[in-house]
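*Asks:* This is a predicted model, with the sequence first.
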Amino acid sequence: MSRVLLITPTYQEAQNIEEFLKRARTGLPEADILVVDDNSPDGTADLADAAAISLGQIEVLRRPGKAGLGNAYRAGFAIGLARGYEVLVQIDADLSHDPAVLPQLIAALDAGADLAIGSRYVPGGSIPNWPARRRALSKYGNAYTGFMLRTGVADATAGFRAYKAEVLRLIDYSATRSKGYGFQIETAYRVAKTGSKIVEVPITFTDRVRGHSKMSLAVMVEEMIMVSWWGIRDRVLGRNYNSQE
């Protein structure tokens, strides 16, 4: 069995963190868990530390302030790779990602995938409690992303995914530039550009019940601008993700 590290960025998740950690420990008991907390004023980190005592195999990385999702994952990846983990998993702490699916993501890697994505938009995937308008915006955004970046991925914005350590090194994850939710697109794009194997595993995405979503229309617009630029850069200018311009 590969050594697995679950990485979950948190900010203001006091209402969810304890239940999430219990479910994550049950979903993949052998995995270690790293909570990357951006100085949540609601005491998320303290609750995670307390849960670590009873559940075990949990570490909390306390950061000085809110620095964004992408920065949180880069910090988590750096720790995981330095410690020799073979699989690194992204998972939200708001209970929208079901830890019971974790064995399926790991199985996809064992079967040859380099990146396994928990996907809402492949057959069998669903978002039961999203309004139609939000579903349409998300699905359109992902279709546009796939067209512009030619990733072959139906759900490039999905945040529930498992990477082989080797592919994170291959794409030079530390050179990614997205600070927020665009990080999901950027990493999927980089993996696709290397020709590495991406597999999508259908999931049921359940929107958070407690707390507030950090996603906004402004974030979505920013992502689509970024995707448009990368697509134009690749097609017209003949550059790829390694370009820093």
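*Replies:* Looks like it arrived, so ask away.
*Asks:* quick one: the residue nearest to the spatial centre of the chain and residue 190, what's the gap?
*Replies:* By CA atoms, centre = their mean, the chain has its centre lying nearest to residue 159, at 3.1 Å. Residue 159 is 16 Å from residue 190, where distance means CB to CB, to the nearest Å. No exception for glycine: its C-beta is placed from N, CA and C like everyone else's.
*Asks:* Then residue 65?
*Replies:* Taking CB to CB, one finds residue 65 at 27 Å from residue 190.
*Asks:* what's the helix ranked longest in the chain packed up against?
*Replies:* When the chain is parsed with DSSP state H, its longest helix is helix 132-149. Counting contacts by 3 or more CB pairs under 8 Å, 6 or more residues apart in numbering; DSSP states H and E, helix 132-149 packs against helix 182-193, helix 217-232.
*Asks:* Go ahead and confirm residue 60 touches residue 40.
*Replies:* No. Using CB atoms under 8 Å, residue 60 is not in contact with residue 40; the gap is 10.7 Å.
*Asks:* Run through the helices of this structure in chain order.
*Replies:* 17-27, 44-55, 69-82, 102-110, 132-149, 165-170, 182-193, 217-232.
*Asks:* Same list, those helices, but as JSON lines with distance to residue 10, mean neighbour count and mean pLDDT please.
*Replies:* Listed next are the helices of the chain as JSON lines, based on distance: least, CB to CB, whole Å; neighbours: other CB atoms under 10 Å; pLDDT from 0 to 100:
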{"stretch": "helix 17-27", "distance to residue 10": "6", "mean neighbour count": "19", "mean pLDDT": "98"}
{"stretch": "helix 44-55", "distance to residue 10": "5", "mean neighbour count": "18", "mean pLDDT": "98"}
{"stretch": "helix 69-82", "distance to residue 10": "8", "mean neighbour count": "20", "mean pLDDT": "97"}
{"stretch": "helix 102-110", "distance to residue 10": "18", "mean neighbour count": "19", "mean pLDDT": "98"}
{"stretch": "helix 132-149", "distance to residue 10": "23", "mean neighbour count": "16", "mean pLDDT": "88"}
{"stretch": "helix 165-170", "distance to residue 10": "21", "mean neighbour count": "17", "mean pLDDT": "98"}
{"stretch": "helix 182-193", "distance to residue 10": "16", "mean neighbour count": "24", "mean pLDDT": "95"}
{"stretch": "helix 217-232", "distance to residue 10": "18", "mean neighbour count": "15", "mean pLDDT": "79"}
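*Asks:* could those be laid out in a markdown table, adding distance to residue 207?
*Replies:* Output for the helices of the chain, formatted as a markdown table (distance: least, CB to CB, whole Å):
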| stretch | distance to residue 207 |
| --- | --- |
| helix 17-27 | 15 |
| helix 44-55 | 19 |
| helix 69-82 | 17 |
| helix 102-110 | 20 |
| helix 132-149 | 9 |
| helix 165-170 | 28 |
| helix 182-193 | 17 |
| helix 217-232 | 15 |
